[in-house]
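Trainee: Next input, structure requested:
(one chain, ligands or ions: 1)
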Amino acid sequence: MSSSIKYMNEGMKTTTKKMVKEGEIFASCTFASLGLDSTLCDQLRDKMGFEVPTLVQAQAIPAILSRRHVLVNAATGTGKTIAYLAPIIHHLQKSNHRIQRADGTFALVLVPTRELCMQVYESLQKLMQRYHWIVPGYITGGESRSKEKARLRKGISILVATPGRLLDHLKNTSSFLYSNLHWIVFDEADRIFELGCGKEVEEILDHLGSRKNIDNATSSFEFPQQNLLFSATLNEKVNRFAKISLENPIMIGLDGGNNTLEFQPSAHGCFSGHDINDEGQPIGKEKSFSISDYKIPTQLVQRYVQAPCGSRLAVLFSVLKYLFERESFEKILVLFSTCDAVDFHYSLFGEFKFSSSESESRPEHLFLKCKIFRLHGSMKPEDRRTTFQAFKTEKLALLLSTDIAARGLDFPKVRCIIQYDPPGEAIEYVHRVGRTARLGERGDSLLFLQPTETDYLQDLQNHGVSLAEYPLVKVLDSFPVRGRKQFVEKFVSLESHSWIISLQRAVESFIAAEPRMMKLAQKAFCSWVRAYTAHRGELKRIFVVKKLHLGHVAKSFALKQQPSVVGKSFKKQVKKRKRDSKQAVSSSKKRTL
Ligand SMILES: Nc1ncnc2c1ncn2[C@@H]1O[C@H](COP(=O)(O)OP(=O)(O)OP(=O)(O)O)[C@@H](O)[C@H]1O
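Mentor: Next comes the predicted model:
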């Protein structure tokens, strides 16, 4: 590693909770030494509390200031947002012709979710307080179109947007002026290029005319438009986009398979990155960049727990109680595969009372005593916004969420991420666990797997990610059970552990006595089974629908019996799958004959 990046070890604000060597996160240079305007540096220090740049900022800021296309691949929570916002603001504030609202939009930041949109917008607001003539704005689809139209008509200099609503305005809002557009940032680039978003992005780019070789002659700036791609994970779609849309780009954090960056000195002394040629290949380096190894914060403690389907719920309950009460974790995020599962667990955790002690025949206290929040895509935008803000500021809280919270969101002090349902794609694992252990802080992650799903660990291992087993028995043994002496039980199996049995019985009785809860549980059960059948590609081999025992799945929603309606639709799906795979085999045989 070159000496151009020296690691920060003094004069920097540290907390005792920082778990990494400081040099792994912060660079030794200052924001000013990267070439940023001094007022902007003051804002970074005074409004955001940032004394020195992170490593990725020290690499990306000069690269963006140098007016080249840039692709950045850096671990979650390393400060990528400021890495692109700061140089854009720098350019805009020092433009010869002082920009005005009537000039329309100069920079566009595309993000995959509303929450991330608001988060980036908030950072922008803080950074731009001293530049009143540069106007930040957002469009996310959470508000009425007419309000968004009005804001666009007045002019937004830096616009943060989700792809769907942006496309809508590009098609339908004639007053939206973007002929001066100079920067397009793709935050969480791989997510943006996926599935539906990918199609929308293509259309957006067609509207903006931003592909390579498009003439930028009308722009107020004398240098060509810059495309900036950022993510903690990359995929083939980003690779392809990079090839067609990034001219002579600088790539940061792409290292051909091992996770060591090569640093190259620059005029500012803190710059590094690989140049790549038109085929998307690093010049003089590896033939193509590797997207196989995941970048995970080094201080993150990653573990898995093996829980049989029928005991999953009791295990989750127990682990949460243990982490909050015995380990004094302050904030925990639990991720589920469906909105219905979030709703069910939210109601259950918020209402379930239980006591295992002899003295309390009728439990008076909630089993989980922390504040509980939920977040998913079927909630009203207003409720999503309130939850997002509330969980940010709360000290002791549990957030139950779908993958909507998995990408980009920066909740301070989240100590543990529990993936109760494994992620759809292994790549999403990286983003999910990345909601903790941010910027060098401590963090734990716990992945729930059923005994039939443990091949998933190998899948992660193939990307350089290893998980240790969570000491579950120790946790379970720490709870008192009526008629059992503490700590003396000989462990046979999880299902026959007396604490699990008594807790499971209590939850099942609670659900059976509450028709409203029963409905939620049944709904959640149905959605969960549907989501399980929807695993794609390689994951179908690991999450095998046929291996599911529906009676045990029902128990995981505290249902004593499996809802019959699902049985039918589920069986239909299994039959259809069998039919489809038979057809696929016979047609492939035909082709080879
Ligand atoms: N130079 C800095 N000094 C101190 N804190 C910083 C600095 N830069 C960013 N941060 C803080 O670090 C946290 C993580 O930043 P950010 O959300 O930009 O990370 P990220 O790399 O985009 O993460 P993800 O990949 O999850 O989206 C935020 O709370 C941000 O305010």
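
Trainee: for the protein, which spans come out with low pLDDT?
Mentor: Counting by pLDDT under 70, the ranges of the chain that qualify are 1-23, 195-196, 210-223, 255-293, 356-363, 482-492, 565-593.

Trainee: Just give me the residue right at the centre of it.
Mentor: Geometric centre of the chain, nearest residue: Arg407, 1.9 Å, by CA atoms, centre = their mean.

Trainee: That one falls within a strand, correct?
Mentor: No - secondary structure of Arg407 (DSSP: H, G, I helix; E, B strand; the rest coil): coil, not part of a strand.

Trainee: which ones are touching it?
Mentor: Contact analysis of Arg407 by CB atoms under 8 Å, 6 or more residues apart in numbering lists 112-113, 116, 188, 191, 431. Heads up, the C-betas are built off the backbone N, CA and C, glycines and all.

Trainee: now that we have these, which one has the most neighbours?
Mentor: Arg191 (27 neighbours; other CB atoms under 10 Å).

Trainee: now what about the strand or helix carrying that residue, what contacts it?
Mentor: Using DSSP states H and E, Arg191 sits within helix 189-192. Here helix 189-192 makes contact (CB under 8 Å, 6+ apart) with 71, 110-112, 163, 186, 197-198, 201, 229-231, 233-235, 237-238, 241, 407, 427.

Trainee: So among these, which ones count as buried?
Mentor: The neighbour count (16 or more other CB atoms under 10 Å) marks 71, 110-112, 163, 186, 197, 201, 229-231, 233-235, 237-238, 241, 407, 427 as buried among those.

Trainee: Filter those residues down to just the ones in helices.
Mentor: Among the buried ones among the contacts of helix 189-192, the residues falling in helices (DSSP state H) are 163, 197, 201, 237-238, 241, 427.

Trainee: Closest one to Ser311 out of those residues, please.
Mentor: Nearest to Ser311, judged by CB to CB, of these is Ile427 at 28.8 Å.

Trainee: Show me which residues of the stretch 201-350 of the chain sit near the ligand.
Mentor: Ala232 (CB under 6 Å from any ligand atom).

Trainee: For the ligand, what's the nearest residue on the stretch 201-350 of the chain?
Mentor: Closest residue of the stretch 201-350 of the chain to the ligand, CB to the nearest ligand atom: Ala232 (4.2 Å).

Trainee: ok, that residue - contacts?
Mentor: By CB under 8 Å, 6+ apart, the residues touching Ala232 are 73-76, 80, 295, 430-431, 434.

Trainee: before we move on, what about Leu313?
Mentor: So Leu313 contacts 504, 507, 555-558 (CB under 8 Å, 6+ apart).

Trainee: go again using 7 Å as the cut-off
Mentor: Counting by CB atoms under 7 Å, 6 or more residues apart in numbering, Leu313 touches 507, 556, 558.

Trainee: any idea how far Phe352 is from it?
Mentor: The gap separating Leu313 from Phe352 is 10 Å, by CB to CB, to the nearest Å.

Trainee: Can you pull the residues that touch both of these two?
Mentor: With CB under 7 Å, 6+ apart, Leu313 and Phe352 have common neighbours Val507.

Trainee: and the closest residue to Ser498 other than its chain neighbours, how many residues sit next to it?
Mentor: The shortest distance from Ser498 to any non-neighbouring residue, by CB to CB, 6 or more residues apart in numbering, is to Val481 (4.6 Å). For Val481, the count of nearby residues is 19 (other CB under 10 Å).

Trainee: before we move on, what about Ser144?
Mentor: As a burial measure, Ser144 scores 8 neighbours (other CB under 10 Å).

Trainee: Phi and psi next, for it.
Mentor: For Ser144, the backbone dihedrals (degrees, to the nearest 10) come out as phi -70, psi 150.

Trainee: Contact partners for the nearest residue to Leu323 once chain neighbours are set aside?
Mentor: Setting aside the residues directly before and after it, Leu323 is nearest to Phe329 in space (CB to CB, 6+ apart), at 4.4 Å. Contacts for Phe329 (CB under 7 Å, 6+ apart) come out as 323, 415-416.

Trainee: Keep only those of the residues you listed that are in helices.
Mentor: Using DSSP H, none of the contacts of Phe329 sit in helices.

Trainee: Touching, Asn227 and Glu247? I think so.
Mentor: No - applying CB atoms under 7 Å, one finds Asn227 not in contact with Glu247, separated by 8.6 Å.

Trainee: The two: which is more packed in?
Mentor: Taking neighbours as other CB under 10 Å, Asn227 and Glu247 compare with Asn227 leading, 24 against 14.

Trainee: show me the contacts for the more buried one.
Mentor: By CB under 7 Å, 6+ apart, Asn227 lies in contact with 69, 184, 210, 245-246.

Trainee: Just to be sure, it is in a helix?
Mentor: No - membership of Asn227 in a helix is not supported by three-state DSSP, which gives strand.

Trainee: Distance check, it against Leu71.
Mentor: From Asn227 over to Leu71 (counting by CB to CB), the distance is 9 Å.

Trainee: Mind listing the shared neighbours of these two?
Mentor: Leu246.

Trainee: Just list the residues touching the nearest residue to Ala75 once chain neighbours are set aside, thanks.
Mentor: Nearest non-adjacent residue to Ala75, counting by CB to CB, 6+ apart: Lys295, 4.1 Å away. Contacts here follow CB under 7 Å, 6+ apart; on that basis Lys295 touches 73-75, 232, 259.

Trainee: still on that earlier bit, pull out the buried members of the contacts of Phe329.
Mentor: 323, 415-416.

Trainee: which one of these sits closest to Ala102?
Mentor: For the buried ones among the contacts of Phe329, the closest approach to Ala102 (CB to CB) belongs to Arg415, at 47.5 Å.

Trainee: Find the nearest non-adjacent residue to that closest one, please.
Mentor: Closest to Arg415 by CB to CB, 6+ apart is Phe329, at 4.3 Å.
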